[in-house]
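1. give me a model of this one.
(2 chains)
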2 protein chains.
Amino acid sequence: MTITEKQKKVTEELLNIVKSIYTQLDDGQIPHLELALRSKKNIKFDPQKNVWIYGDMTTSRSAKKIKGATLMLRTLYMVDFIRDMIENQHSSTLREMYYISEGWGNGKFHNQDESNLLAEDLEVITHCMREDFRLRPEEDGARVIGDLTLIETDRKGKRKTINCRDDVGDSGYNIPYNVEKDKVEIKSVGADFVIAIETGGMFDRLVENAFDEQSNALLVHLKGQPARSTRRFIKRLNEEAGLPVVVFTDGDPWSFRIFASVAYGAIKTAHISEYLATPAAEYVGITSSDILNYDLPSDKLTEKDVDALKSELKDPRFNDEFWRSEIEAMLEMGKKAEQQALAKYGLDFVTDTYLPEKLSQMGILL
Amino acid sequence: MTITEKQKKVTEELLNIVKSIYTQLDDGQIPHLELALRSKKNIKFDPQKNVWIYGDMTTSRSAKKIKGATLMLRTLYMVDFIRDMIENQHSSTLREMYYISEGWGNGKFHNQDESNLLAEDLEVITHCMREDFRLRPEEDGARVIGDLTLIETDRKGKRKTINCRDDVGDSGYNIPYNVEKDKVEIKSVGADFVIAIETGGMFDRLVENAFDEQSNALLVHLKGQPARSTRRFIKRLNEEAGLPVVVFTDGDPWSFRIFASVAYGAIKTAHISEYLATPAAEYVGITSSDILNYDLPSDKLTEKDVDALKSELKDPRFNDEFWRSEIEAMLEMGKKAEQQALAKYGLDFVTDTYLPEKLSQMGILL
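-> So this is what the prediction gives:
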């Protein structure tokens, strides 16, 4: 495989960091790097892109103190390592990245949080994505089943055409860690909409009940808090293929956050919300009202749950009427429920009754 | 799909439980069920099958007390539910099974441990497998990459031929929860041996470095403590396809247990060791001596680690020279290491140096 234009661009962005440090040193200054502050108080809604992004607050990384100088040393080592991976068409897990630093003398990371954070800093500075740096997380991609035909360019540069219903087993197609166009191309879509599902148990339920065919849906497994590649993949299905996206999770504060990360972007990665977030995504459930209307088996909210719900009331991403009322209703009844609790009414209830009812209310199914 | 002979046999075995309860009641006795005691003190080595199985100690489940009577009621409900699933070609997660009991009145389970345990009891009594009962865990199957051609019969009874290198993306083929012959057929194998890998990061490393082609290996991701389907799949590759199996994990007490469950069977499931265990499997590392010989980045053993190692010294499955010396060596140096720690020497070290060295010592690579 040859180095693409995009990869050249990424290398260039990275080398600009090195240049700026060099110039500052050359001018006899103590080098520093400016980057956006990554915290809840610095995220704001971008009406153009329709997602939550970082505001104007910045933070400065100076080499004045030893800690800062060490960080800058690491930055240079990491830039060098990434450039090397791009040249050799290599990639590495964030864990390997951490171990690689064993050879960096004083630049060695003390724990993986340090190396992960620096990788994110580089994203913020260069406006590139970790995937462009060929760094990937451990978690393996989620699964997809439905009438979607992809062309994946494999590790040897071979282009493989894969239909996510006809060419895969019942476990579906695995979303790779890199789903950019140069790796995964959307060739054609037969499905009418995407339903992103939190748990593997419910994903398999919809597969077994052939919900993908019954409702012409594309089933995507979120696997709890979805990996970046899963969120990016969903966004591409929504924007490139024009598919509506609905999210089906448990009914608890943590699942609300899963929806938020799909629809609005995560606070930790607001600098790339425009790549990862799908603002058009809608929440199908489990809602607080579902717990009442369908009389679902439920559990008491724990203290942690209550605190999470309260902090969500302060989270700008949840600051709309739907979510305020959902969160307040849940706090009021003090109960949460899992999506698999629908099995109380039998294994077909979710596909024969619950989803058809909810999705037609939402105008997704007619 | 029509009901297979095997499924008829399973239903029959289950109905025998009902018959025995009925007969006991009919004779005016308080009904009870006998089953093997499932604990460390009741597992013994079976020289024929070459795996660890349960001994002769049994436990009796009587309906004398309310608790026992409730358990028997649940047993009958579950038998009925399973028979129903077999007739309707349905399956369910263990979680759904738990929720299904919401409709059983006094038979309702109080938590999922109860329902999981009962499912295992039914296995012990009927000598069938949970998969025969069409009950499956949440965890999704691990991934496979290499020259192996399978025929998977999908949910609609369609037979799909899939080569795990040419017909899948870089994320590989997903092992479904049921890998029995009627679901997954091994058509042909080009690989020379199986390497089962604990972490996703290392699996992806071997994929990216094309270790499957370089050494003509079949790469199987264990995903931590492997699911039953993964262990069953590995056993079939070993016995049906005649492939040697090596296991590549982190170097710590928990990873030793992962190897043990692949090679000797798990204590919790010793009643089906002969289906799941691969006695011929060998441990490639990370070993205590690797930590020294390759000077790997390591962490101090925690108290929990030390206790785990000590209890492994008492575990009959580890009662051979190799494991005694490995465990004692680890206790002595007080250190553990992850397989990804090999990245200290660069991303190719594991495939260019470590595995070739270790595998040729083991006579797997020549």
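
2. A:A263 against A:A281, yeah?
-> Yes - assessed by CB atoms under 8 Å, A:A263 is found in contact with A:A281 at 4.2 Å. In this view, the C-beta of every residue, glycine as well, is placed from N, C-alpha and C.

3. quickly list what's touching both of those two.
-> Common neighbours of A:A263 and A:A281, using CB atoms under 8 Å, 6 or more residues apart in numbering or on different chains, are A:V247.

4. and chain A, what are its domain boundaries?
-> With domains defined by automatic domain parsing, chain A comprises A:5-136, A:143-361.

5. deepest of those domains, which one?
-> domain A:143-361 (a mean of 20; mean count of other CB atoms under 10 Å in any protein chain shown).

6. quick one: that domain near chain B?
-> Yes - shown here: domain A:143-361 in contact with chain B (CB under 8 Å from any CB of the partner chain) through A:143, A:152, A:154-156, A:160, A:162, A:166-177, A:199-201, A:204-205, A:207-208, A:210, A:221, A:297, A:338, A:340-347.

7. circling back: which of the domains of chain A comes out lowest on mean pLDDT?
-> Least confident of those, judged by mean pLDDT, is domain A:5-136 with a mean of 90.

8. and it, end to end?
-> End-to-end distance for domain A:5-136, by CA to CA, to the nearest Å: 21 Å.

9. could you do stretch A:274-282 as well?
-> Note: stretch A:274-282 ends 17 Å apart using CA to CA.

10. list of residues touching that stretch?
-> Stretch A:274-282 has contacts (CB under 8 Å, 6+ apart) with A:46, A:49-53, A:129, A:196, A:228, A:231-232, A:234-235, A:238-239, A:244-247, A:259, A:261-266, A:269, A:362, A:364.

11. ok so, going back, could I get the domains of chain A as TSV with distance to B:D113?
-> As requested, the domains of chain A are exported to TSV (distance: least, CB to CB, whole Å):
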stretch	distance to B:D113
domain A:5-136	33
domain A:143-361	15
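
12. right, and those domains - which one's nearest B:E321?
-> Proximity to B:E321 (CB to CB) singles out domain A:5-136 among those, at 31.5 Å.

13. how far out from the middle of the chain is that closest one?
-> 19 Å (CA atoms, centre = their mean, to the nearest Å).

14. over to stretch A:305-320?
-> Counting by CA atoms, centre = their mean, stretch A:305-320 is centred 19 Å from the centre of its parent chain.

15. before we move on, back to that, from the contacts of stretch A:274-282, which ones fall inside helices?
-> Among the contacts of stretch A:274-282, DSSP state H puts A:R228, A:R231, A:R232, A:I234, A:K235, A:N238, A:E239, A:F259, A:S261, A:V262, A:A263 in helices.

16. can you tell me the SS state at the residue nearest to the fifth one when sequence neighbours are not counted?
-> Distances taken as CB to CB, 6 or more residues apart in numbering or on different chains place A:T278 nearest to A:K235, at 4.7 Å, with adjacent residues excluded. For A:T278, the assignment made with DSSP: H, G, I helix; E, B strand; the rest coil gives coil.

17. with the one 5 residues further on instead?
-> Under the three-state scheme (three-state DSSP), the conformation of A:Y283 reads as strand.

18. specify the beta-bridge partners of it.
-> For A:Y283, the beta-bridge partners under DSSP bridges are A:V247.

19. just checking, what packs against the helix or strand encompassing A:S60?
-> Counting by DSSP states H and E, the element that carries A:S60 is strand A:58-62. On a contact count with 3 or more CB pairs under 8 Å, 6 or more residues apart in numbering or on different chains; DSSP states H and E, strand A:58-62 meets strand A:32-36, helix A:66-87.
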